[in-house]
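J.: Prediction below, plus the sequence it came from.
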Amino acid sequence: MNDVAVPEGFRLHVHKGASYFQTLGDLYVRERPDGLVVIGLYVSPQHCNRLGIPHGGMLATLADTALGMGLHLARRPRATMVTVNLSLDYLAAAKVGEWLEAHVTPRRLGRQLAFGDCVLRVGEREVLRATGIFSVVSRAAPVTEFDG
């Protein structure tokens, strides 16, 4: 989808996390006045299931990623967080070639837990609503082998 123009205000986001996020393809961010970001992407065939619509797992990954990033940016002091709970409501299908945006609203930023909402939408059409709970964790070295 590189031949399609990215909406004004968005820039390519280079994810510093695991290579898993590369499965989403190019992600773009637009900074909001409140310091948070909107994440956007063009729906491509790689995102779709056999019905030709975005796979629910891809939409869940985008919502989880957006919530994690949004709550991280909203929290002071910033901290590494992991998902404790993610609840999803699939509302409508997006189509290949459509611009899909993730909008996050932090609800509560506690010392140990952070709560937020995310809406994925194409224009004004809501595709998915999510609520998430994230837990603050200390940074640990990645596990490289099974220890059990």
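T.: Happy to help now that I have it.

J.: Tell me which other helices or strands the host helix or strand of Val38 touches.
T.: Assigned by DSSP states H and E, Val38 belongs to strand 37-42. With contacts taken as 3 or more C-beta pairs under 8 Å, 6 or more residues apart in numbering; DSSP states H and E, strand 37-42 sits against strand 27-31, helix 56-74, strand 99-109. (Each C-beta comes from the backbone N, C-alpha and C, glycine too.)

J.: at 6 Å what do you get?
T.: Other helices and strands packing on strand 37-42, by 3 or more C-beta pairs under 6 Å, 6 or more residues apart in numbering; DSSP states H and E, are strand 27-31, strand 99-109.

J.: and of those, who's closest to Arg78?
T.: Nearest of the helices and strands packed on strand 37-42 to Arg78, taken as C-beta to C-beta: strand 99-109 at 10.5 Å.

J.: neighbouring contacts of that closest one?
T.: The contact list for strand 99-109 (C-beta atoms under 6 Å, 6 or more residues apart in numbering) reads 38-43, 62, 66-67, 70-71, 74-75, 94, 115-122.

J.: mind listing what's buried in the helix or strand just after that strand?
T.: Sequence order places strand 113-122 as the next helix or strand after strand 99-109, per DSSP H and E. Within strand 113-122, the residues that count as buried by 16 or more other C-beta atoms under 10 Å are 114-122.

J.: contacts for the helix-or-strand element of the chain with minimal mean pLDDT?
T.: Sorting the helices and strands of the chain by mean pLDDT, DSSP states H and E puts strand 11-13 at the bottom, at a mean of 91. By C-beta under 6 Å, 6+ apart, the surrounding residues in contact with strand 11-13 are 27-29.

J.: buried stuff in that strand?
T.: His13.

J.: pLDDT score for Ser138?
T.: At Ser138 the predicted local confidence, pLDDT, stands at 78.
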